[in-house]
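coordinates only, sequence not included:
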DNA sequence: CTTATTTTGATCGTTTTTGATCGTAATTCG
DNA sequence: CGAATTACGATCAAAAACGATCAAAATAAG
C-alpha cells in the first residue's frame, strides 16, 4: 500500500525483469527499458548477469526466457549441490558446437539435453523433440521451426513415447540426434524405461548422426533396458572427469569422443557463443 | 507514524526494523530511516548486527529478509485483469460440467480452452491436446493420461498443426472435442490460420461430440478462414452477455446453447498456482 | 556532581552503480 | 552486393551507497 516500486535495487529490478521475460517468452531491450524505466545500458548489464546465471538467453534484439528450475533466490554464493550440474552444462556447451545454423536437430528428453536446448535457444534451427520442457524453451522463438513428436506423455519425465511417437519418427529425418542415457557400460547404452528405449531406437534410425550426451558419473552403470550398442553411436560427449580406463576403451572403438572441459575458474567473460 | 513511546532502546528498534523487513521482503535504507526516524548510520549498524545473526541479508541498496523459510516474495505478479477473462472463466466452469470422469477429451488451443483445462486438472480423464500450454498443465498430473498431438508448432499460440497433426488425429477417437474460435457469424465459425483450421476440422471428425467455447465478444466477427458450419457443432458454450438477437438465431438451429452465468462476486481468489 | 562508557548523528573519502556517448558489428532493405 | 539502419560493447563521468572516523548526546558508575 506504499510506493509501488520502492524496491529500486539491482536485485529487485532483475527479479522484475525476469518476471517480464518469463511472462512474454521474448522481450526486446527497448521494451524492457520502457517497462522498468532505467537506461538500456543498465538493462544490458543486468542481462549479462542474468544470462550468466542461466536464467535467460540473449540474442540480437532481445532476450529469451530459459527459466532455470531454481526459483530460489540465490546470492553470489555457489550452491553446494552443483557438482553434476556443472558437468551437464559443460557437456551442453561442447555439444552445442556440433550444431550448425539451419541444422535439423532432434533432442531427446533428459536434464543434459535440456541444458543443451538452453544453449540452442535463439539460433536458427529446426528442432524436433519429444520433450515437453524442451519444447517450452523454443515455443516462443521465431528463429526455430519446432516440431513436437506426438504421443502419450510419460508422467515423470514429460516426454512423449509409444506407438504414435515411433510412427511419427518413421517419417522424419534429422541430421543430428542428441540422446541422453541413464547408464553406459562396455556392452552399450541404457535407459530405464522399455517404451522410452524403443522410441529412442527410432530416433537413432531417423538421424544421420547419433550423438550421446552423458556425464562421467553414468559410466559403469547399467539400467533396465539396453538402448544402443557402441557401434550405433557416432559421437559421445562427456565431461573431462571421465576415467582414463574409459577413455582408452573408447579409443579402440570408432566412436568419436568429445571431452568437455570443466571451467572451474570464475572466468565468466570469455565464453562467447557465436 | 506510530508512537515510539518509551520503547526506544536499540533492541526494540531492531525488532521493529525486522518487522518492516519481514513485511516488505526488501527495504532500502532511506525507507528504514524515514520509517524509524533515526539516522542512516544507525540503520547501517543495526543491519550489520542483524545480518550477523542471520535474520537479514544486506545488499547494495537495501536489505532482504531471510529470517525464516523465505516466502519467495513475488514482486508484482498481478495479471492485468481483463473483463474478457471473467467471461472465459465462466464459460470454462460450465464447459467443465459437460465432462464426465474417465471421459476421453480433446482440447484445442486458445485462452478459453486453457481455462477449461485448468478446471479439469486433477480429474481422472484421458486428455488429447495440440496445445503446449494445456499439455504443461496436465504433465505433472497422475490422474490424467495425456496424449500430445505431434506436429509443427505455431509460434504465437503454441499449438501443433500441419500434416503430422492431422494424420495423427485420423487414428484417434475422442468422446468430446472442445474447440475455440476467433469469430462467429451466421455462416459459421472462423479462425485466423488456414492450417490451424484444417487441423481443427480433423479434430471435429475425430470426436463424437464437438463443443465450441466462445465468449460473447466473438459473435458477429469473422476471420480469415471458415472452420465449421453451424450444423457441424453439437454444443456451444457462451457467456450470458450474448445478445438476444443471437440467442434467437441459435434457437432456430439444432445446436445446443449453454449460457454461462457471470459471477460478479469477487471470487478471484480461487485460482490456484501449481 | 563528575567521569567513563555506550550510543547516536554527521562528515568524508572510497567503491559501486548508473546513464550517456561513441565506434564497431550485425541486420535489413534496396 | 552495398548502403542505411539498428543493436551491441566499451569507456567515462556523474550519482548513489558504503564504511570509517570523529564529535556530541545519553546513560551508567563512582
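Structure's in. What do you need? Keep in mind that this is a model prediction, so the values were computed, not measured.

for residue A:57, helix, strand, or coil?
Assigned state for residue A:57: strand (three-state reduction, DSSP: H, G, I helix; E, B strand; the rest coil).

ok, it to residue A:34 distance?
According to Cβ to Cβ, to the nearest Å, residue A:57 and residue A:34 sit 21 Å apart. Where C-beta positions appear, they are placed from N, C-alpha and C, glycine not excepted.

So between those two, which is more surrounded?
Neighbours per residue (other Cβ atoms under 10 Å in any protein chain shown) separate residue A:57 from residue A:34, with residue A:57 holding more: 24 against 9.

list the contacts for that one?
Taking Cβ atoms under 8 Å, 6 or more residues apart in numbering or on different chains as the criterion, residue A:57 is in contact with A:51, A:63, A:64, A:65, A:66, A:118, A:119, A:121, A:122.

swap the cut-off to 6 Å and go again
Each residue near residue A:57 by Cβ atoms under 6 Å, 6 or more residues apart in numbering or on different chains is listed here: A:64, A:66, A:121, A:122.

In contact with the second one: list those residues for me.
For residue A:66, the set of contacting residues under the criterion of Cβ under 6 Å, 6+ apart consists of A:57, A:118, A:121.

wait, isn't residue A:65 in contact with residue A:22?
Yes - in terms of Cβ atoms under 6 Å, residue A:65 counts as a neighbour of residue A:22; the distance is 4.9 Å.

want to throw the contacts of residue A:66 into CSV with distance to residue A:156 and pLDDT?
Shown next, in CSV, are the contacts of residue A:66 (distance: Cβ to Cβ, whole Å; pLDDT from 0 to 100):
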residue, distance to residue A:156, pLDDT
A:57, 26, 88
A:118, 21, 87
A:121, 24, 86
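
all helices in the stretch 101-250 of chain A, in order from the N-terminus.
Here the stretch 101-250 of chain A has its helices, by DSSP state H, counting those that start in this stretch, at A:111-120, A:132-138, A:163-170, A:194-206, A:244-251.

And those helices: which comes nearest residue B:128?
Closest approach to residue B:128 among those is made by helix A:163-170 (10.4 Å; Cβ to Cβ).

got the angle between the closest one and helix B:163-170?
Angle of helix A:163-170 versus helix B:163-170, following axes from the mean of the first three to the mean of the last three Cα atoms, to 10 degrees, is 150 degrees.

Report whether stretch A:39-47 contacts chain B.
No - interface with chain B: stretch A:39-47 contributes nothing (Cβ under 6 Å from any Cβ of the partner chain), its closest point being 13.1 Å away.

Now do that stretch: distance to the chain's middle.
25 Å (Cα atoms, centre = their mean, to the nearest Å).

Residue A:166: how many residues sit nearby?
By other Cβ under 10 Å, neighbour count at residue A:166 equals 19.

quick one: which helix or strand includes residue A:258?
strand A:256-260 (DSSP states H and E).

which helices and strands sit right next to that strand?
helix A:83-97, strand A:235-239 (3 or more Cβ pairs under 6 Å, 6 or more residues apart in numbering or on different chains; DSSP states H and E).

try 8 Å
Contacts defined by 3 or more Cβ pairs under 8 Å, 6 or more residues apart in numbering or on different chains; DSSP states H and E place strand A:256-260 against helix A:83-97, strand A:235-239, helix A:244-251.

partners of residue A:127 in the sheet?
Counting by DSSP bridges, residue A:127 is bridged to residue A:105, residue A:146.

wait, it sits on residue A:103?
No - look at residue A:127 against residue A:103 with Cβ atoms under 8 Å: they stay out of range, at 9.2 Å.

Comparing the two, which residue is more hemmed in?
residue A:127 (26 against 16).

would you turn the helices of the stretch 101-250 of chain A into TSV with distance to residue A:44?
Formatted as TSV, the helices of the stretch 101-250 of chain A follow (distance: least, Cβ to Cβ, whole Å):
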stretch	distance to residue A:44
helix A:111-120	20
helix A:132-138	22
helix A:163-170	42
helix A:194-206	39
helix A:244-251	41
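
Same list, the ones you listed, but as JSON lines with distance to chain B please.
Below are those laid out as JSON lines (distance: least, Cβ to the nearest Cβ, whole Å):
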{"stretch": "helix A:111-120", "distance to chain B": "14"}
{"stretch": "helix A:132-138", "distance to chain B": "5"}
{"stretch": "helix A:163-170", "distance to chain B": "5"}
{"stretch": "helix A:194-206", "distance to chain B": "12"}
{"stretch": "helix A:244-251", "distance to chain B": "34"}
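
could I get these as CSV with distance to DNA strand D?
Formatted as CSV, the helices of the stretch 101-250 of chain A follow (distance: least, Cβ to the nearest atom of the strand, whole Å):
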stretch, distance to DNA strand D
helix A:111-120, 16
helix A:132-138, 19
helix A:163-170, 36
helix A:194-206, 34
helix A:244-251, 36
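
that older thread, between helix A:244-251 and the strand holding residue A:258, find me the angle.
140 degrees.

Would you mark the buried spots in strand A:256-260?
Within strand A:256-260, the residues that qualify as buried by neighbour count (16 or more other Cβ atoms under 10 Å in any protein chain shown) are A:258, A:259, A:260.

In chain A, what residue comes closest to chain B?
Residue nearest to chain B within chain A (Cβ to the nearest Cβ): residue A:150, separated by 2.7 Å.

Which residue, other than its chain neighbours, is closest to that residue?
residue B:150 (2.7 Å; Cβ to Cβ, 6 or more residues apart in numbering or on different chains).

Close to DNA strand D: what parts of chain A are there?
Contact residues (Cβ under 7 Å from any atom of the strand) of chain A with DNA strand D: A:28, A:29, A:30, A:41, A:44, A:58, A:59, A:60, A:61, A:62.

Please report the distance of residue A:128 from residue A:219.
Distance from residue A:128 to residue A:219, by Cβ to Cβ: 28 Å.

if you count what's nearby, which of the two comes out ahead?
Using other Cβ under 10 Å, the more surrounded residue of residue A:128 and residue A:219 is residue A:128, with 27 against 20.

Wait, the more buried one touches residue A:104, no?
Yes - at 7.1 Å, residue A:128 counts as touching residue A:104 under the criterion of Cβ under 8 Å.

Give me the common contacts of the two.
In contact with both residue A:128 and residue A:104: residue A:174, using Cβ under 8 Å, 6+ apart.

show me where pLDDT drops low in the stretch 51-200 of chain A?
Within the stretch 51-200 of chain A, the stretches with pLDDT under 70 are A:67-83.

rerun that using 50 as the cut-off
Scanning the stretch 51-200 of chain A for pLDDT under 50 picks out A:68-81.

what comes into contact with stretch A:249-268?
A:52, A:86-87, A:90-91, A:93-95, A:98, A:186, A:230-231, A:233-242, A:247, A:271.

re earlier: which one of residue A:65 and residue A:22 has more residues nearby?
In this view residue A:65 and residue A:22 are compared by other Cβ under 10 Å, and residue A:65 has more residues nearby, 23 against 14.

No further questions, thank you.
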